[in-house]
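*Asks:* Sharing a sequence plus its predicted fold:
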Amino acid sequence: MPLIHPAAAVVLRPVRRAGGLALAVTAVLSLAVPSASAAPRDRDRDGMPDRWEARNGLSTRTNDARLDKDHDGLNNRTEYRLHTLPADEDTDDDGMDDGDEVRDGVAATDVKDRDSDNDGRLDGDEDSDRDRIANEDEDDAAEACVDDDDDRDRDFVDDEDENELGVRVTDADSDDDGVRDGSEDRDRDGVSNEDEDDQLRDRCNVDRDHDGVADEDEGDLLGTVVSFDETTRQLAVDTVNGVLRFSLTDDTEIDIEHSGREGSTADLAPGARVSEVDVDDKTGALEEIQLFAAASPPLSDD
């Protein structure tokens, strides 16, 4: 009777010889060699298994290994190798694109861990090089518009900034007050949420009607003028977050939107509608204020 050697997975068959019995190897079982069918199927031979490609919305018939589906700076095959998501630019939702985390030069930053150093602060909100710019904003001035940060709820606040403002990524009006999150002014500094992190004018802001006002600023209504004192140069504006006060200087610009004219302090009458202000970070003085023309109702905020 043939004997099956359990370790070698071969057939041992007794053979009669002069002087006794001997065992001879007569066959090698196919179980000893892994079947080719056991390897993950990869029809397009791009180094990514079909099952993983199908699950992540990639092609199983075209070699798309070198493409970058989510524009995060990592090609699809690298995403597979790192176990990140090829259709999500920020796999761990920490505010930093996957490619930025891999190439940021900080060994402690883990592309799959939103708080790599476990200090309670998301990796994107950290300032690794201590230049007073958050990690997630370091490349804003350089990245192409197609790589610009996502805004899933279209409230003009990037997903990466929603957590810092205490608003929700998937809700354009988190406090249900009828004003989109981007148009609110959470820190009461006269700068709307959507403009807080703009660096030297965000070149990716879209102006679809070519009127010189970015889409994110169309229809913004910061508030209405309560009072302006010509002697003290103090301006009070009633906003959804309460009354804000500003100091004007001789250099303060007063713009009247869609009017084609430059405004003056005479336009700062009670009831005048203020769309936006720009305050000097160092002095606190009002550098620019934008008003709606008296005959022009504010545009819809929808």
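*Replies:* Received, thanks.
*Asks:* Show me what whichever strand or helix holds Asp250 packs onto, helices and strands only.
*Replies:* For Asp250, the host element (DSSP states H and E) is strand 242-257. Taking 3 or more CB pairs under 8 Å, 6 or more residues apart in numbering; DSSP states H and E as contact, the helices and strands that strand 242-257 lies on are strand 223-229, strand 234-239, strand 273-279, strand 285-292. Where C-beta positions appear, they are placed from N, C-alpha and C, glycine not excepted.
*Asks:* now the third one, how far from the chain's geometric center?
*Replies:* If I follow you right, that is strand 273-279. The chain centre lies 27 Å from the centre of strand 273-279; the measure is CA atoms, centre = their mean, to the nearest Å.
*Asks:* Pull out the buried residues from it.
*Replies:* Buried positions in strand 273-279, judged by neighbour count with 16 or more other CB atoms under 10 Å: 273-277, 279.
*Asks:* model confidence over that strand, on average?
*Replies:* Mean per-residue pLDDT for strand 273-279: 84.
*Asks:* partners of that strand, with directions?
*Replies:* The pairing partners recorded for strand 273-279 under DSSP bridges are strand 223-229 (antiparallel), strand 285-292 (antiparallel).
*Asks:* deepest of the ones you listed, which one?
*Replies:* strand 285-292 (a mean of 20; mean count of other CB atoms under 10 Å).
*Asks:* returning to what we had before: chain center to the strand holding Asp250: distance?
*Replies:* Between the centre of strand 242-257 and the centre of its host chain there is 32 Å, according to CA atoms, centre = their mean.
*Asks:* Show residues contacting that strand.
*Replies:* 185, 188, 190, 213, 223, 226, 228, 233-237, 262-265, 267-268, 275, 277, 279, 284-293, 296 (CB atoms under 8 Å, 6 or more residues apart in numbering).
*Asks:* For stretch 84-91, give the mean pLDDT please.
*Replies:* 92.
*Asks:* where in the stretch 201-302 of the chain is pLDDT low?
*Replies:* Along the stretch 201-302 of the chain, the parts satisfying pLDDT under 70 run over 201-220, 258, 294-302.
*Asks:* Going along the chain, name the helices of the stretch 1-150 of the chain.
*Replies:* Along the stretch 1-150 of the chain, the segments classed as helices by DSSP state H, counting those that start in this stretch run 50-55, 76-82, 98-103.
*Asks:* Save the ones you listed as a markdown table, and put in mean neighbour count and distance to Glu136 too.
*Replies:* Below are the helices of the stretch 1-150 of the chain laid out as a markdown table (neighbours: other CB atoms under 10 Å; distance: least, CB to CB, whole Å):
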| stretch | mean neighbour count | distance to Glu136 |
| --- | --- | --- |
| helix 50-55 | 15 | 27 |
| helix 76-82 | 19 | 19 |
| helix 98-103 | 22 | 8 |
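*Asks:* This completes my enquiry, with thanks.
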